[in-house]
Every structure is written in structure tokens, then in C-alpha cells.
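K.L.:
my questions concern the predicted model and sequence given below.
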Amino acid sequence: MRDLLQVARREIKIGFRNPWAYSYLALFSIFSLSLLLINSQNIVQGYSGITGSMLSLILYLLPLMTLFLGSFSLTSEKEEGSWQLLSTYPLGTMSFVIGKYLGLSVVLVTIVGFGYGLMGIASVLTGTSFDLNTYILFLSFSVGLVLLFLSISLIVGSLSRNRWQALTISVSIWFFFIIGWPTILISILDNLPYLWIKPILVVLTFFNPAELVRLFVVIKLGGGSILGPEYYQWVSWIHQPSGTLLFLGVCIAWIGISMGLVYWKWERGRSHG
Amino acid sequence: MIRHSIARFLCCGLLLLTYSTIVIQDSISAANRNAGAEHLQQIIDAAKSGDVIKLPAGEYEGPAIINKPLTIIGGAAVSVRNESNQPAIEIRSEQVELSQFSIQHSPSGESSAILVTADGAVIEQMTIETRGFGILVRDADRGLFKENTITWFKTKKDKKTSMAKKQNGIDLYNSHDNRIEANEIYDMRDGIYLENSDRVNVEGNKLYRSRYGFHSMYTKGTTLVGNVGEFNVTGAMVMGVKDALVSGNSFRKQSENVNSQGILLFDVQTSVIKSNIVEGNRVGIYVEQSSNNQLRDNSILRNFMGIQFLESEGNELNNNRFISNVIEAEALDSSGNRMDGNYWDAFQGLDVDKNGTSDMAYTINPFYQQLISKTSAYQIFFQSPGMTFLSSMFSDDQESWAKDHSPLMSQASSIDDNANLSTGSSVWIGLVGALLLFVSIFIILFLGVRKQ
């Protein structure tokens, strides 16, 4: 446990000495502030044009940022030789992997928190009416998105030999989950029997953390009815408090399985030298 | 001996006294019961044609039939209760006026609190609770229904009654030139339902939490003016209508149901829809198979989808304001509409000749609409970043898209769009924001920058 915290503290320190962390912090803050200013005449509440575009911004920026910071952190351990050094110490792989995850999540959540903090203060200064529930919903789901993609980024970092490989894989994963997802799904599903389309879509949505989080926020903002009659039961279910628990369960399962993979990969690498 | 007889006398007196009190109490309770169960029909039968009856406070029993000109006025504590399957009050004669009393109509099904089958009825300031219809109007013209409150009659047993079991608030069939004004109707099936009834004026009503706030089928010359509808499945369901005027209404927050709309126009011809506010609905204005209508000066705010055209041609869409909708407009098989001078807040126009309108047209990409009309399961991609990307790739054949040729560069805002939303939490946002900022700066400084 002490090892784990040690790794996490080291990760936080390295994270905040990394100039990239600050550039992402600036990027996220500036984008969210601009978006707020463009819409300063409108009320930010419920599912509307402004919350829709905020959702898109978050979905574009946060996963990419997380994938880069997370995967680079792991590859740098390999490239700079610190993992070779650490693996000679009596430090468990599990402590190392979880410590990494915790440390990075503190760094990322701090970046997100900073951006939202600025947004909150700016909304008061500019007189934009920002509904508190909507604000907290957005904050918690940005954090959720970051934590989910962090676990993916650690898989990417484990599989890559160096930074360039991590960069390539990160961008492909980002494109696949965020941009290409509907295109790829529609092209495949259109060739399947009509009745299969909906169940397969539902199942596949659980495998895309970006879609999962996006749909959850849309439903919690009260926009579930736009998804149409096909998803009526899902929407009314998720709208209840127990839906939040289900969502949290799915997120924890996602992170748990990913971290298991990362552990397996690093443990194997350790014993194979 | 004398003592004995005195005792007997006293005894007898006591008995007599008790007996007489019992008799008096009996007659009092009988009188009470009579007052409670007084039949409205008896009062009506006793009245002469043209009489004005002022009902004393109390409860009256229905059902009653009015078959002569009569005015019945109640008061704050006047109520008519009906448990039979007949209408609580049936109006069969012309020149009947009812005002200012309440009706509790408990049988469910097809019966109604008030049934009007004669022309020129006036029903004002009534409070109606019903498990059937509220006011049923059949083949009766030129009536006035004003300032009534109609609502579902809740009993302790039912927590939530399904919409299908309820009936309509005010229901007209083959009844022309009626006026329905300033009523408040909620928790019913349809608030106001018109069928085959022409030139009906529906004005200033408040319609809440019903299936459809307003619903018309096969009517001509209907005017729907200044009504308010909130939390219905659909605010105004206008179907099979000609020459209607829908103006100055506000329909908000029809967003819970997967079929919710602010205003739905289906098979509507040559009608005017102007100066309405549709806000926070699933779809603001939904137009299907409707042609030659004018839609102008409407404010379409914060809907999931602003306006949706399906198979509709020859409509004119002018001077409407589209603000903060998730998707502003979708159109499918609807290229023959003339759109000019609307304000679309998500559109960045280009005004070279400085005339206030963009020289670039605003086009509506039909890709998503086409996709979901073929496979509705794809609605799960609504406004997903990847879907926006995919739509933008299918930009060929733009000639056939619906487009606004001269979108406005800035909005002519006169109404306070945000007046209807609560804004009490701005201080909290500031506090939470400041706290977040403080904590994150603290973490950066003490865990990141500071030397150990």
C-alpha cells in the first residue's frame, strides 16, 4: 500500500512537471470559456444547443488528451529505463500499475477541475445562467470520461514500445471511438437482418466508453426521448437513480478489466525480462 | 305512599322527556339528510322556463337533465355529485347557463360531467372533477365555455392512472362556432378535442400534463390563440385542418415522451402559424404532409430538434427564430418550401452587401433524417460527434435540400427568452467553481511543484 502511494505521488509530481499537462489545461480552459462566452445570452440548462455543443467539445478533447498523457506516461517508463530500475526493487507490479492509474487520474481530474472552476467563475462574472445540476452533471461526466479513457490509455501504453507507437495507436483509438463509430457501425449493421440491428447496437454501445458516457449524459439531461421509441425502456430505466448505479457498475467493470489487462501485460514483461 | 307516587310521576316525566328529545333529534337528522341528498333534478323541475336559480350552499345529487331555458348560478360551496352513468348535467335546451359551482363526476368510461346537445349554452367558472369526460358537446353550436377548471377526479386508491383510461376535458363533435376561452385543463387525455367542428375559437386556455393539450381532427377555420401548454405529450396536435390560425401560443417542455412535440401539424392546409413560442420540447414544430401554410415570427427555443418537415411542400417559413436547439431543422422529401429571413443561431452567415441577411444560404442536410426513417434504431446516434462527421461527408446533391435563401445575420429579439427559466443558482455555481479552482491549484502547487 505504501509502495502504491509512493508510485502515485511520483506520478503526480512527474505529471505536473510535464509541460503537456499545462498545455492541455490551457486548451481545455480556453475552449470551455469560449463556448460559454459564445452562448452567454442563453441559459445553460437541460438538453439544448449549448449543452449539446459542450458535450461534443468534451467528447472531442478529453479522450484524446487522456489517451496521450496516459500512454506516454507508461512508454516513458520503458524509454527512460526507470521501469528497468523499479523492477529490481521489491515493488509489486499491482502496486505499480494501480499507483500509476491513481497518480494520472489525479493529474487529469485536476486539469478538468481547473477548467470547470474557471467556467463556473466566468459564468457568474458574465452573468450567464448556468443551472447548478447541469454544471455538476457535466463535471462528473467529464471526470467519468477521463477515468474510462485513462484505463484504455494504460493498455495502449503497455502495448507500445515507444512514444511514437503510443501516439499512433492513441489517435486510431480516438478516431475509432469518437469520429468513426457511427460510420463503421452503420456500414456493418446495414448488411445484417433488420431485427438484429437494435440489440447489436445496444451491446456495442457498452464497448464504447465515449458513446456510453454521451448517452448517459443526454438521458440525464432529460433528452432521452429524442432517441426514439426503440430505446424507451432503457431511457426510463437509466433516468431512475438505479440507472446511475448501473452506469457506475459498468464504468467500474470497464476500468477493472482494463487494469487487469495492463497488470497481466506488465507482469509478463517483468518475468520475461 | 305519597313518596312512592312522586317517584312514579318523576319516572314518567323522565321517560317522556327522553322520548321527546329522540323525536326531535330524528327529525333534525332527517332534515340534514334531505339537504345533503337534494336532487338537482327536483329543483330544475320546480323552476319555470327562463328562471334564474341561485343554488344555496350545499351538496346536490345528479344526474339532472335541463330541457328548458334556465340559468343556474352556484357559489363557493355549491357542488353537484354524480355517481350514475348518466351525465351529471345534460343540457337539452337552448339558452341554458351554468356558472360558479363544482361537479364531481365519479363513473369512469364514456359518460361526462356535462353533456351539451343544444345550441347557445354558456358554461362559466365551473370546477369539474371527472373520471369520464369533462364537457361533452354534441351537435351544439355557438356555445361559450369560459374560465372553467377541468381535471381528473382523483380518489385515494389510484396513484397513477394511465392516459388511455382517461377522457378528454372539453370534447366537441359536429359543433360549430363555439368559443372555448380561458379554461384550465390538466391531467386529462386530451385537454380540448375538436372533431368535425368548424370555426371554433380556442383562446387563452391553460393545458397541462395531458396527452395532447389541444387536439383537432377534420376542422375548418379553427383559431388557436394565446394558449399555454406544458408537460403534455404533445402541446397542440393539429390534424386534418384547413384555414386554421395558430397564433401567440406557448408550448413548453413537451419532452418526456418519445412522441412529444410542441406543435404538430399533420395534413394541415392553408393555415397560419405565427408568433408562437415553442420551448424545450422534443421537437418544436413537426410538419407532416402539410402544404401551403405560413409559419412566421415563431420563436423556437432550446428544443432537441427545432423543426421537422416530412413530405410537406409549398409552405412558407419566414422570420422565425431558432435559438439553442440541439438540431435546428430536419427535412425529408420537403424541398418545395420557401424559407426566407429566419434566424438560425448555429449558422455562421456571410453578409457582403450589408443588408442584414446572409448571402450564403442555410441548408438542411437530410442525411440523418433519411437514415433514421429507414432504421429507427440509429436514433441512438442523435448528435453524436461521429454522426455530425458522417452527415457532413454526404453533401452532394445539395440542390434538392431544403434551404433558407436569406437567413438573418442577427436576431430581432424582443421577447425575453429566458424569462421562463429559474436562475437562482448562479451564486452556487460561483462558489463551486471557486472551490474547484482553489483545490486544483493547491494540488498542482503542493503535490506537483513543491520539492519534497
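P.N.:
Nice, I can see it.
K.L.:
C-alpha only now, for contacts and for neighbours.
P.N.:
Will do.
K.L.:
distance from whichever strand or helix holds residue B:434 to the middle of the chain?
P.N.:
Of the helices and strands defined by DSSP states H and E, residue B:434 is found in helix B:426-443. Centre-to-centre, helix B:426-443 and its host chain are 42 Å apart (C-alpha atoms, centre = their mean, to the nearest Å).
K.L.:
show me which positions of it end up buried.
P.N.:
Taking 16 or more other C-alpha atoms under 10 Å in any protein chain shown as the neighbour-count basis, helix B:426-443 is seen to contain the buried residues B:426-430, B:432-437, B:439-441, B:443.
K.L.:
ok, now stretch A:170-177?
P.N.:
For stretch A:170-177, burial by neighbour count (16+ other C-alpha under 10 Å) applies to A:170, A:173-174, A:176-177.
K.L.:
poorly predicted segments of the stretch 151-273 of chain A, please.
P.N.:
Along the stretch 151-273 of chain A, segments meeting pLDDT under 70 span A:272-273.
K.L.:
my error: substitute chain B in the last question.
P.N.:
Counting by pLDDT under 70, the low-confidence segments of chain B come to B:1-37, B:157-161, B:412-425, B:450-452.
K.L.:
residue ranges of each domain in it, please.
P.N.:
Each structural domain of chain B that the record assigns through automatic domain parsing is listed here as a residue range: B:33-155+B:162-210, B:231-390.
K.L.:
of those, which is nearest residue A:191?
P.N.:
Shortest separation from residue A:191 across the domains of chain B is recorded for domain B:231-390, at 12.2 Å, computed as C-alpha to C-alpha.
K.L.:
would you work out how far apart the start and end of the closest one are?
P.N.:
Domain B:231-390 has its terminal residues 34 Å apart, counting by C-alpha to C-alpha, to the nearest Å.
K.L.:
over to stretch B:314-322?
P.N.:
Terminal residues of stretch B:314-322 are spaced 20 Å apart (C-alpha to C-alpha).
K.L.:
ok, is the helix holding residue B:434 in contact with chain A or not?
P.N.:
Yes - contact check for helix B:426-443 against chain A, using C-alpha under 8 Å from any C-alpha of the partner chain: residues in range are B:426-437, B:440-441, B:443.
K.L.:
what parts of the stretch 201-350 of chain B come near chain A?
P.N.:
Applying the criterion C-alpha under 8 Å from any C-alpha, the portion of the stretch 201-350 of chain B that neighbours chain A consists of B:255-260, B:280, B:282, B:302-304, B:323-327.
K.L.:
please flag which of those sit within strands.
P.N.:
Cross-referencing these with the strands (criterion: DSSP state E) gives B:323, B:327 as the overlap.
K.L.:
only the buried subset of the residues of the stretch 201-350 of chain B next to chain A, as a PyMOL command please.
P.N.:
Only the buried members of these end up in this PyMOL selection, burial being decided by 16+ other C-alpha under 10 Å:
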select buried, chain B and resi 255+256+257+258+260+280+282+302+303+304+323+324+325+326+327
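K.L.:
of the residues of the stretch 201-350 of chain B next to chain A, just say which sits nearest to residue A:42.
P.N.:
The nearest one, if we look at these relative to residue A:42 and count by C-alpha to C-alpha, is residue B:324, at 7.4 Å.
K.L.:
so the closest one is in contact with residue A:43, correct?
P.N.:
No - in this structure, residue B:324 is not within contact of residue A:43 by C-alpha atoms under 8 Å, at 9.0 Å.
K.L.:
can you pull the contacts of residue 149?
P.N.:
No chain specified, so I'll use chain A. When the contact criterion is C-alpha atoms under 8 Å, 6 or more residues apart in numbering or on different chains, the partners of residue A:149 are A:63, A:66-67, A:209.
K.L.:
wait, I meant chain B there
P.N.:
For residue B:149, the contact set (C-alpha under 8 Å, 6+ apart) comprises B:125-128, B:183-185.
K.L.:
within range of chain B, give me the residues from the stretch 51-200 of chain A.
P.N.:
Going by C-alpha under 8 Å from any C-alpha, the residues of the stretch 51-200 of chain A near chain B are A:52-53, A:56, A:59-60, A:110-111, A:113-124, A:129-132, A:135, A:178-183, A:194, A:197-198.
K.L.:
thanks a lot, catch you later.
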